[in-house]
Every structure is written in C-alpha cells, then in structure tokens.
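Peer 1: Build me a model from this:
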Amino acid sequence: MKIEQIYTGCLAQGAYYIESNGEAAIIDPLRETQTYIDKAKANSVKIKYVFETHFHADFVSGHLDLAKATGATIVFGPNAKTDYEMYSAADNEVFTLGNLKIKVLHTPGHTLESTTYLLIDENGKEHAIFSGDTLFLGDVGRPDLAIKSDLTKEDLAGMLYDSLRTKIMPLADDIIVYPAHGAGSACGKNLSKETVGVLGEQKQTNYALRADMTKEEFVKEVLDGIAPPPQYFAKNALLNKVGYTSFETVLEKGNIPLSPERLEALANEEDTLVLDVRNREDFTTEHIPNSIFIGLDGSFAPWVGALIKDLQQPIVLIVPEGKSGEAITRLSRVGFDNTLGYLEGGIEAWKASGRETASIESIPADEFEKRLLENKLNVLDVRKDGEYKAKHIEGAQHFALDYINNNMSEIDSTTEYHIHCAGGYRSVIAASILKARGFHKVIDVAGGFAAIEKTNIPLTEFVCPSTL
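Peer 2: Prediction:
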C-alpha cells in the first residue's frame, strides 16, 4: 500500500495518490494531470479510479482530463449529478483497489454530495479517511457553498453536524485524517498549518467535534465570523459539475509569444486585461500602463479568482522569462482559460520598441513614518477584516482588497493615498488596480504592516472585552 499527498501550497490543496497491487486511485486531482499519470507509469500501475469528495469551489479539478487519458472511472458520492459520464456511488458502497478497499461515507453539509472516503488496508483494518472539505485539521468545511440549492446555510450546517457525529466521530482514534485543504484556504476559517493528522487528536482539539456540543451550538459556531465566499467559488463549482476545456488545449492556446505590437493591439481591444505576474519590486519600478499586478510569488490563483470577475476574461501576460507555462497553468486551476499569449522578451522588449512604461511610488516604512508624523495622510489598509481589527494604524481607512471591486465609491481619485497590507504583496495589487482605474496618487508602503510595526507609528490594537 502506498499513499502520497500531493500538496499545492498556493491553493492550500491536497490531492492524493493511492496505490496497491498494480492499481492506483487519485483523490481530488488538480487541473494539470500529467504528474499523476507519470507517477502511475513509473510504478507500472493503472489508474483505476478518480474519486471526488465533492464539487470543488476553490479550484477546477482534473478529473475529466485524467479519466480521458487513463480510462479511469470518475466517482462522486450520492446526490452528485453531472453533465458528463461518472459513477455516483451509494452510501457505504465499497470499491476494491488492488488489496485495499475504499468505502464511501456520505457526509453532506459542506455540500449536498460531500463524501468522505474510508481506506481499509490489506488486513481489513480501517486505516485512513480522505475527508475532503467535511473535516479539516482544526476546522470543518463552510456550509454555504451548495450549488442551486433551496437549503439555507443553517440547514447545511445542521447536516454537517449530523455527518460528523454519525459517520466520522464513531471511527477509531488512530485513523489518519487526510483533508483536502490546509491553512490559507477560504473553504474554512480556522484551518491548521498541518496537512495530515489523526482523528483522535481532532476529537480533542477541533472545536467542531466537541462531544457535548448541541446541534444549535454547532450551527452558531460554524457560521460565526465566516466571510462571504470569493466570487469565483460558485463558477468553479459549476465547471466541475458541467465540464470544461481540456488543460492541454488551454495551455496550447495561451502559451503563445507576442510581439509588443501584437500585445498592444490585443490590449487595446475591448475587455482584454494585461496581467503582470512578475515580482512586486519589478512591477512598481516599471510596467505597461494600465496593467494589473498579481505576482506568481504569492497566492496567485486565489487572488485572480477573487478579483477578476469573468472566467472568460481575455488575458495577455507579462511574465518572468520561462514562466509563461506556469502562469497559464495556475490561471487554469481557477477556471481562467482565455489566455491569449505573453509578451516575448518582457518589459525590455516593450521598451526597446519605443513604448512607454509606468511606475508606482513605493516607499520604505521609515519614510512612511516620517511623512505620517509630519503630515496628515490618507492611509488605506487593504488587509482582511480580521487583520485590520486585530491591530491597525490610528485613523487608517479599512479598504480590504477582497472587496475592492465593490467599494471603489468609498475613495476619491483626486486624493493621495498611502497603501499597505501585511507584507507588501496585496498593497501592490491594490495600487495597480487603482492606478488602472484613474487613481494616480497612490503610494505603496513596502514591507507592509510587518515593517510598520517596527516603527513608532501609533497603532490601535484590539482588546478583548473583560469576562469578569
């Protein structure tokens, strides 16, 4: 028996490769599937099944391409309905994989079709669960993502309570827990940085598995403080349900070198977005006017999904040398399949053609401190709600990057703004969006709040109300 977690940090997502006696199964594969195919080929095994724990909302799964390439059967749990051929398993149904058995545990709550797969080893011992978004380490899946359902989030939270207590908690404490996500995923609110755990430990430490917890308490605690889902979640879930263009087609179409002339012509066409994925220092120094920055060196795909509204958005790329394929791949993971090409030769080729570049002023925290203490500045804090509430600059305006598209009316294009986030990545994204929309008086604070805290700038810190 072989179990391998294939973890993708920028998505905080875990896919799984299981192998036994010449047969393999993949659980929750990513969009690009060659890794799984190569692994099976190297081990001289056949991929028999592709198990999906649910219709994923935060990424586009590779189940269709993988099944087409290998002949594997796509398996969902009960209640799953798709526009393509797959097998919808019954609750408690058992699949054979070499000398192993994989048992279906229908665990609705995160979504209606959510399923946990129980792995039974060669000796008949229950060994591990692949819990999808039903159970994370430290948390459980958010119950507000059902596609086209008349059920409320309270209804789904109640289902999740029942699923955990009737299907998961009765299992032995030594069972290994392999979740679909770790810290950084928007599919939960309190996920651990660890990506593999043991069920007994979760029974002791996970707030949602408290033995004395009533359903009413569970519903309240699971829903308390849950942020609205990113706008791309429902779109990705629908793609996983109805199907999508093959990844190879997307890569072939998008990985096209473009001359400055051709890229400029495409950029001038209606709705085409110039997306610069270089590092933030290179972008602030010089970039193509009106381009948007979302760097490959950060949480690239989730921010693309959160900020670009249309999955069919035509995109042309500005990439570091040799990174065009990576950029297109990571775009496709969240359903953005309409990349038209990348600037061959990068910014140097653009300048050599005589075309103009733009820049964004970026200052270190000590310079920001000097300006702030000498003058009244308008400060935009683009961190998340919880970050801002915990501690922020006195008088700073909270302007979360997540909701920038909805909150543009809260700021004035004639006003100068100093912008910061936690470390400098999100503030440059925000500055690029504002500048592209006519806000030219934007100044980035390099190093973000981490650098600001090392200065003498006055901060407001959240104080927990006394319980006395």
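
Peer 1: which residues sit in contact with the closest residue to Val242 other than its chain neighbours?
Peer 2: Take Val242 and drop its neighbours on the chain: the residue closest to it by Cβ to Cβ, 6 or more residues apart in numbering is Asp83, 4.3 Å away. In short, each C-beta sits where N, CA and C put it, glycine included. Residues counted as contacts of Asp83 (Cβ atoms under 8 Å, 6 or more residues apart in numbering) are Lys241, Val242, Gly243.

Peer 1: And Asp83, its phi and psi?
Peer 2: Backbone torsions for Asp83, taken as degrees, to the nearest 10, come to phi -100, psi 10.

Peer 1: what does Asp276 give?
Peer 2: Residue torsions, per degrees, to the nearest 10, at Asp276 are phi -100, psi 120.

Peer 1: Distance check, it against His418.
Peer 2: According to Cβ to Cβ, to the nearest Å, Asp276 and His418 sit 22 Å apart.

Peer 1: now swap in Lys435 and tell me
Peer 2: Applying Cβ to Cβ to Lys435 and His418 gives a distance of 14 Å.

Peer 1: One more: Gly424?
Peer 2: 13 Å.

Peer 1: Now stretch 273-290: buried residues?
Peer 2: The neighbour-count check on stretch 273-290 (16 or more other Cβ atoms under 10 Å) flags 273-280, 282-284, 287-288 as buried.

Peer 1: quick one: low-confidence parts of the stretch 1-150 of the chain?
Peer 2: By pLDDT under 70, the low-scoring segments of the stretch 1-150 of the chain are 147-149.

Peer 1: Can you list the residue ranges for helices in it?
Peer 2: Using DSSP state H, counting those that start in this stretch, the helices of the stretch 1-150 of the chain run over 34-42, 63-70.

Peer 1: Reformat those helices as JSON lines; add distance to Ala265.
Peer 2: Supplementary listing: the helices of the stretch 1-150 of the chain in JSON lines, determined by distance: least, Cβ to Cβ, whole Å:
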{"stretch": "helix 34-42", "distance to Ala265": "33"}
{"stretch": "helix 63-70", "distance to Ala265": "32"}
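
Peer 1: list the contacts for the nearest residue to Met86 once chain neighbours are set aside?
Peer 2: Once flanking residues are discounted, Met86 sits nearest to Ile74: 3.9 Å by Cβ to Cβ, 6+ apart. By Cβ under 8 Å, 6+ apart, the contact list for Ile74 reads Tyr49, Val50, Glu52, His63, Leu64, Ala67, Tyr84, Glu85, Met86, Tyr87.

Peer 1: mind redoing it with 7 Å?
Peer 2: Val50, Glu52, His63, Ala67, Met86, Tyr87 (Cβ atoms under 7 Å, 6 or more residues apart in numbering).

Peer 1: What of Pro257?
Peer 2: So Pro257 contacts Gly341, Tyr342, Glu344 (Cβ under 7 Å, 6+ apart).

Peer 1: quick one: pLDDT of it?
Peer 2: Listed pLDDT for Pro257 reads 98.

Peer 1: before we move on, back to that, would you convert the contacts of Pro257 into a markdown table that also reports secondary structure, pLDDT and neighbour count?
Peer 2: Compiled in a markdown table, these are given as follows (DSSP: H, G, I helix; E, B strand; the rest coil; pLDDT from 0 to 100; neighbours: other Cβ atoms under 10 Å):
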| residue | secondary structure | pLDDT | neighbour count |
| --- | --- | --- | --- |
| Gly341 | strand | 98 | 20 |
| Tyr342 | strand | 98 | 25 |
| Glu344 | coil | 98 | 16 |
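
Peer 1: Closest one of those residues to Glu126?
Peer 2: Of all the contacts of Pro257, Glu126 sits closest to Tyr342, with 48.8 Å by Cβ to Cβ.

Peer 1: how close does the closest one get to Tyr388?
Peer 2: Taking Cβ to Cβ, one finds Tyr342 at 35 Å from Tyr388.

Peer 1: How is this protein partitioned into domains?
Peer 2: As given by automatic domain parsing, the domain ranges for the chain are 2-235, 245-352, 361-461.

Peer 1: Quick one: end-to-end distance for the second one.
Peer 2: Distance between the boundary residues of domain 245-352 (Cα to Cα, to the nearest Å) amounts to 36 Å.

Peer 1: and if you look at the longest one?
Peer 2: In domain 2-235, first residue to last residue: 34 Å (Cα to Cα).

Peer 1: what's stretch 353-363 in contact with?
Peer 2: 260, 284-289, 347, 350-351, 431, 435, 442-446.

Peer 1: So which of these belong to helices?
Peer 2: If you go by DSSP state H, the contacts of stretch 353-363 have Pro260, Thr284, Thr285, Ile347, Trp350, Lys351, Ala431, Lys435 in helices.

Peer 1: Just give me the closest of those residues to Thr111.
Peer 2: Ala431 (36.5 Å).

Peer 1: Quick check: that closest one touching Asp444?
Peer 2: Yes - at 5.1 Å, Ala431 counts as touching Asp444 under the criterion of Cβ atoms under 7 Å.

Peer 1: Common neighbours of those two, please.
Peer 2: Common neighbours of Ala431 and Asp444 (Cβ under 7 Å, 6+ apart) are Ile360, Ile419.

Peer 1: returning to what we had before: name only those of the contacts of Ile74 that count as buried.
Peer 2: Val50, Glu52, His63, Ala67, Met86.

Peer 1: The nearest residue to the fourth one once chain neighbours are set aside pairs with what?
Peer 2: Yep, that's Ala67 we're talking about. Of all residues not flanking Ala67 in the chain, Ile74 sits nearest, at 5.0 Å (Cβ to Cβ, 6+ apart). With DSSP bridges as the criterion, Ile74 is bridged to Val50.

Peer 1: burial count for the closest residue in space to Lys46 that isn't next to it in sequence?
Peer 2: Distances taken as Cβ to Cβ, 6+ apart place Glu23 nearest to Lys46, at 5.8 Å, with adjacent residues excluded. By other Cβ atoms under 10 Å, the residues close to Glu23 number 19.

Peer 1: Can you point out the buried residues in the helix or strand where Phe218 lies?
Peer 2: Secondary structure assignment for Phe218, by DSSP states H and E: helix 215-223. For helix 215-223, a neighbour-count test (16+ other Cβ under 10 Å) marks Phe218, Val219, Val222, Leu223 as buried.

Peer 1: How about stretch 208-217?
Peer 2: For stretch 208-217, by 16+ other Cβ under 10 Å, it's Ala208, Leu209.

Peer 1: got the phi/psi numbers for Ile393?
Peer 2: Torsion angles at Ile393 (phi, psi; degrees, to the nearest 10) stand at phi -70, psi 140.

Peer 1: ugh, wrong one, Leu266
Peer 2: phi -70, psi -40.
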